[in-house]
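Asker: Got a predicted structure here, sequence first:
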Amino acid sequence: MSGCAFAVTHHAFSSGAGRTSDGNGSHASTLKSPSYTKSVSWQHYLVPLIILFFFVVSLAYGIATRTIRHQADLPHLMIEPMKEMAGFIVMVFPLAQFVAMFNWSNMGKFIAVGLTDILESSGLSGIPAFVGLALLSSFLCMFIASGSAIWSILAPIFVPMFMLLGFHPAFAQILFRIADSSVLPLAPVSPFVPLFLGFLQRYKPDAKLGTYYSLVLPYPLIFLVVWLLMLLAWYLVGLPIGPGIYPRLS
């Protein structure tokens with residue numbers, strides 16, 4: 001029944017998706033075009049379908065194993081999994097407020113633009129340039145949860161810059177993706193950090209954020225270093241990074 005309880009909880013938090021408030025304060029649907037209406041209507045019914053699926057499967061399993069004998073057993077079985085999630089829900093609330101306030105302040109974008117200007121004006125070229133881009137991307141991932149948002153800031157500056165240095169635009173994006181994927185478990189603004197911490201606390205109840213970071217920290221750093229070394233070897237050997245695409249522009 002834990003899957004059903006989780007699905008019901010998710011539906012309670014996401015029931016307002018797809019609607020917005022108009023100028024008079026009333027809620028109005030944002031659905032306009034027929035194609036957009038069709039895609040959103042499918043998303044609108046997806047959560048109830050998931051709830052129904054988990055409920056039917058859980059109910060059939062409970063009856064087959066005689067865990068559910070009476071109708072009164074259902075509320076009890078749905079409450080028990082939520083007790084295990086109580087600590088996670090309490091922890092997520094203040095973390096979500098921090099992430100929301102940080103995004104609202106646009107501090108991440110200010111930091112990104114400032115550091116990007118510094119790296120651009122440093123005059124780096126060759127290997128130091130793409131190592132610098134990878135390290136900058138890794139640092140920005142600590143403050144901006146969305147990888148597409150970071151790339152939208154970096155791409156207009158670094159793609160032309162790398163092309164002037166003789167690098168293919170795809171090579172610049174590889175550097176960004178290596179950095180973004182490696183350090184994601186360390187980003188305090190990532191929604192996965194409280195989720196991972198919740199799982200950790202199931203096996204180590206006294207675990208805190210410091211415990212989580214002390215356990216996870218070596219792995220992202222190792223991934224980042226190993227991936228950069230592999231890409232460096234790939235670049236020095238001159239192997240293609242895609243069909244007919246090489247690190248340097250021909």
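Answerer: Yes, it's here.
Asker: Skip the chain neighbours and tell me the closest residue to I127.
Answerer: The shortest distance from I127 to any non-neighbouring residue, by Cβ to Cβ, 6 or more residues apart in numbering, is to L232 (6.7 Å). From N, CA and C alone the C-beta is placed, and that goes for glycine too.
Asker: does that neighbour count as helix, strand or coil?
Answerer: Look at L232: counting by DSSP: H, G, I helix; E, B strand; the rest coil, its state is helix.
Asker: Pull the number of nearby residues for it.
Answerer: Under the neighbour criterion other Cβ atoms under 10 Å, L232 is assigned a count of 13.
Asker: same check, this time on R69
Answerer: The burial metric for R69, expressed as a neighbour count using other Cβ under 10 Å, is 9.
Asker: Likewise for A149?
Answerer: Using other Cβ under 10 Å, A149 is surrounded by 15 other residues.
Asker: Which helix or strand contains it?
Answerer: When secondary structure is defined by DSSP states H and E, A149 falls within helix 147-164.
Asker: Could you point out the helix or strand that follows that helix?
Answerer: helix 169-183.
Asker: Tell me the buried residues in the helix holding A149?
Answerer: Judged by neighbour count using 16 or more other Cβ atoms under 10 Å, the buried positions of helix 147-164 are G147, I150, W151, I153, L154, F158, V159, M161, F162.
Asker: for the closest residue to L186 other than its chain neighbours, helix, strand, or coil?
Answerer: Residue nearest to L186 in three dimensions, not counting chain neighbours: P220, with 5.3 Å by Cβ to Cβ, 6+ apart. For P220, the secondary-structure state derived from three-state DSSP is helix.
Asker: Relative to A179, how far out is P247?
Answerer: Using Cβ to Cβ, to the nearest Å, one gets 16 Å for the distance from P247 to A179.
Asker: who has more neighbours, the two?
Answerer: For the pair P247 and A179, the greater number of neighbours falls to A179 (26 against 22), based on other Cβ under 10 Å.
Asker: mind listing what the more buried one touches?
Answerer: Under the criterion of Cβ atoms under 8 Å, 6 or more residues apart in numbering, the contact partners of A179 comprise L133, A134, L135, L136, S137, S138, C141, L224.
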